[in-house]
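# predicted coordinates and the sequence they were generated for:
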Amino acid sequence: MKAKREDMFKNLLKQAGADEAAEGFTDAVMNMIEADAVQEIALKSLLKQHPAEGVSFDFTAAVMRQIGTARKPLVVQPVISKKAWFGIAGFFAAILLLLIGLSGSKTTDSRPVDNIGTVITRYVAAMPTVYVIAAAIIAILFLADYFFTSRTKKTIAG
């Protein structure tokens, strides 16, 4: 089977015949090579007539001085603006006042007034666990933002 395939392939190659180059192909290739050689010689003579200029001794230092004077001071702005912090603080203060107000109206204990810790603990315990975890994560992110921003300001300033 393999021998039959090889015979078929050999017959196909015999029928196809060998490719022949066009008339004057070799002459055209040689003319292109000679033209490249002439161009190379002309380029070398041109470069000898006009040598490349060298850079000055303090070129790198001069460029670095220009870069140093061209830099603009880096201004770091906090991720959360002061207005947003006041809004967040106001939101939490409103929630705290709401909790205090609700604690007086829904007293089930014999005591007429609960302290604020008891009220907050009672309402946090009544909240779904996911809300408590989300609030804790948000608080941690706010603190991280505050500390990273203050550290960045100290690094840039000094």
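Nice, I can see it. Numbers count the residues shown, from 1 in each chain.

# only C-alpha atoms from now on, for both contacts and neighbour counts.
Will do.

# contacts for stretch 81-93 next, please.
Among residues not part of stretch 81-93, none is counted as a contact by C-alpha atoms under 8 Å, 6 or more residues apart in numbering.

# pLDDT of that stretch, averaged?
Mean pLDDT, taken over the full extent of stretch 81-93, equals 86.

# now it: buried residues?
Of all the residues in stretch 81-93, not one is buried under the rule 16 or more other C-alpha atoms under 10 Å.

# now it - C-alpha only, PDB.
Output of stretch 81-93 as PDB, limited to C-alpha atoms (Å, rounded to 0.1, in the frame of the first residue of the first chain):
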ATOM      1  CA  SER A  81     -13.500  64.600  49.800                       C
ATOM      2  CA  LYS A  82     -14.200  66.600  53.000                       C
ATOM      3  CA  LYS A  83     -17.800  67.200  51.900                       C
ATOM      4  CA  ALA A  84     -18.200  63.400  51.500                       C
ATOM      5  CA  TRP A  85     -16.800  62.800  55.000                       C
ATOM      6  CA  PHE A  86     -19.200  65.400  56.500                       C
ATOM      7  CA  GLY A  87     -22.000  63.700  54.600                       C
ATOM      8  CA  ILE A  88     -21.000  60.300  56.000                       C
ATOM      9  CA  ALA A  89     -20.600  61.600  59.500                       C
ATOM     10  CA  GLY A  90     -24.100  63.300  59.200                       C
ATOM     11  CA  PHE A  91     -25.600  60.100  58.000                       C
ATOM     12  CA  PHE A  92     -24.200  58.100  60.900                       C
ATOM     13  CA  ALA A  93     -25.300  60.900  63.300                       C
END
